[in-house]
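> Sequence first, predicted model second:
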Amino acid sequence: WVEECLAANNITQADLMEMVKRSIAGQENATSPGKHKCFYQCLAEKENILDSKGCMDVEKINAIDHLTEKNRQALMFCKSKNDEKFEKCEYIFQMVLCLTEKIEPNYKGAETGEPAGAGKA
């Protein structure tokens with residue numbers, strides 16, 4: 001899906017790597033290009049984690065990656081701030097920004113002492 005979403009949003013692999021670097025450095029923000037925001041939207045649609053209104057669905061996310069209670073609360077907090085307040089690409093992007101601040105590392109990252117996704121290319 002990543003390749004499909006990159007192509008659909010005219011984003012190169014180099015653009016993606018830059019997005020990841022900016023995200024890790026906390027530099028993704030409201031001025032990020034719209035195509036980056038729609039890339040996240042595409043991924044959310046392909047992962048089938050949105051409800052019928054286009055908002056993140058807690059139960060669908062929980063079915064894919066069991067949420068700790070703290071992360072469920074973080075997701076609910078971010079949903080309360082963002083659900084139905086933005087157009088779809090901006091919504092997902094605002095959710096990503098909020099969750100990046102609020103959510104704790106996933107259990108695998110916490111077990112290894114590395115950030116989630118570390119070491120993956």
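Nice, I can see it.

> element containing the residue positioned nearest the centre of the chain?
In the chain, the centroid-proximal residue (C-alpha atoms, centre = their mean) is residue 96; its distance is 4.1 Å. Using DSSP states H and E, residue 96 falls within helix 88-102.

> Equivalent analysis for residue 71, please.
helix 69-82.

> State the mean pLDDT of that helix.
For helix 69-82, mean pLDDT is 94.

> For this structure, give me the ranges with low pLDDT.
24, 26-32, 106-121 (pLDDT under 70).

> just to revisit the earlier point, list the contacts for the nearest residue to the residue nearest to the centre of the chain once chain neighbours are set aside?
Nearest in space to residue 96, with sequence neighbours left out and distances taken as C-beta to C-beta, 6 or more residues apart in numbering, is residue 40 at 5.5 Å. Where you see a C-beta, it was placed from the backbone N, CA and C, and this is true even at glycine. For residue 40, the contacting residues are 89, 92, 93, 96, by C-beta atoms under 8 Å, 6 or more residues apart in numbering.

> By neighbour count, which of these wins?
Highest neighbour count within the contacts of residue 40, by other C-beta atoms under 10 Å: residue 92, with 26 neighbours.

> Residue 43 versus that residue, what's the distance?
Per C-beta to C-beta, to the nearest Å, residue 92 is found 8 Å from residue 43.

> again with residue 3
11 Å.

> Please say which of those two ends up with more neighbours.
residue 43 (17 against 9).
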